[in-house]
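In: Sequence first, then the predicted structure:
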Amino acid sequence: MTAERSGAGDPARTLALLWGEAPAASRRGPSRALDLAAVVSAATDLADQEGLAAVTMRAVARILGVVPMTLYTYVPGKEELLDLMLDAAYARMPRADTAGAPWRQRLTAVADDNRALFAAHPWAAQVGTLRPPLGPGLMAKYEHELSAFDDLGLSDVDRDDCLTYLLSFVQANARAAHESASAAAGPDGDDTRWWARVGPMLARVLDEQRYPRASRVGTAAGQAHGSAHDPDHAYRFGLARLLDGLAPLLDGPVPG
């Protein structure tokens, strides 16, 4: 289950921060030697290196060389900070120009851009965004990605549904890729080392006559991919099947 989610902070204060409308700090408070962008950048770097759980107001303050209370003159808390981090990442992410390209190429570019975002910021794939950070970064991202469905005869609702379907797949794949990388960095090492250890144990207890399909297919897949799960293969295979599934809607009805 996703432990972190966007949109969990105070909506009014979060939107004011996202859109640069937060009130100026009181002159009676501590001197503002930093700016909000520096706070967001430090938090993002920490999340990139150590994961989102490492991002606390105290930890970010330590990186910036200030006392924790200083950060609260910039942002109310971690919930609002997370929205700012996500929106900043959205603002900086790649956006391929595919104007005039076939729709499969356009949607593939959207998927690849989001996969690159999650590769740069693995923590972002772990965040639930049913209540997204409604800042300028997200709006620019949404505007650009919706353009991939231009001139396809879709209703606005269908356009949003197709984009949500595509992005949900990419996020799920990114989460699996992150889990795979985390497991490989653990004490058992990568999947090759792990299977070398557990394979002989499994062979002693597995009755191939009782589980013929599981034995045959599992062995074939493991040999083909070199592991129990290959995130790159899963992405390529899944994206191709997803686009095939959208084809009847996006290609329009077949004449006759």
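Out: Looks like it came in fine.

In: Can you tell me how far the residue nearest to Ala140 when sequence neighbours are not counted is from Ala119?
Out: Excluding the flanking residues, the one nearest Ala140 by C-beta to C-beta, 6 or more residues apart in numbering is Ala91, at 6.5 Å. The way it works is simple: take the backbone N, C-alpha and C, and place the C-beta from them, glycine included. Distance, Ala91 to Ala119, by C-beta to C-beta, to the nearest Å: 17 Å.

In: what does stretch 81-92 contact?
Out: Residues from elsewhere that reach stretch 81-92, judged by C-beta atoms under 8 Å, 6 or more residues apart in numbering: 4, 6-9, 14, 17-18, 36-37, 39-41, 43-44, 47, 52, 55, 57, 60, 75, 117, 120-121, 124, 127, 129, 132-133, 135-138, 140-141.

In: Looking at those, which are in helices?
Out: Counted as lying in helices by DSSP state H, out of the contacts of stretch 81-92, are 14, 17-18, 36-37, 39-41, 43-44, 47, 57, 60, 117, 120, 136-138, 140-141.

In: Just the buried subset of these, please.
Out: Among the ones in helices among the contacts of stretch 81-92, those scoring as buried are 14, 17-18, 36, 39-41, 43-44, 47, 57, 60, 117, 137-138, 141 (criterion: 16 or more other C-beta atoms under 10 Å).

In: Tell me how far Ala42 lies from Ala120.
Out: 16 Å.

In: Show me the helices in the stretch 151-256 of the chain, by range?
Out: Residue ranges of the helices in the stretch 151-256 of the chain, as given by DSSP state H, counting those that start in this stretch, are 156-184, 191-205, 212-225, 231-250.

In: what about Pro231, how many neighbours?
Out: 19 (other C-beta atoms under 10 Å).

In: Please report how far the residue lying closest to it once chain neighbours are set aside lies from Leu163.
Out: Distances taken as C-beta to C-beta, 6+ apart place Ala177 nearest to Pro231, at 3.7 Å, with adjacent residues excluded. Distance, Ala177 to Leu163, by C-beta to C-beta: 21 Å.

In: what pLDDT does Gly226 get?
Out: Gly226 is assigned 69 on the pLDDT scale.

In: next one: Ala214
Out: The model's pLDDT for Ala214 equals 83.

In: what's the answer for the one 4 residues further on, then?
Out: The predicted local distance difference test score for Gly218 is 80.

In: swap in Met69?
Out: Predicted confidence (pLDDT) for Met69: 95.

In: what number of residues lie near His121?
Out: His121, neighbours per other C-beta under 10 Å, totals 23.

In: please begin residue numbering at 669 from this point
Out: In the new numbering, first residue 669, that becomes His789.

In: so what's it closest to, chain neighbours aside?
Out: Per C-beta to C-beta, 6+ apart, closest to His789 is Ala757, 5.2 Å.

In: got the phi/psi numbers for the one you found?
Out: Ala757 adopts backbone torsions of phi -70, psi -40, taken as degrees, to the nearest 10.

In: Likewise for Arg763?
Out: phi -140, psi 100.

In: now do Val723
Out: phi -80, psi 100.

In: List the contacts of it.
Out: Taking C-beta under 8 Å, 6+ apart, one finds 711, 714-715, 746, 749-750, 753 in contact with Val723.

In: repeat that for 10 Å
Out: For Val723, the contacting residues are 672, 710-715, 746, 749-750, 753, 791, by C-beta atoms under 10 Å, 6 or more residues apart in numbering.
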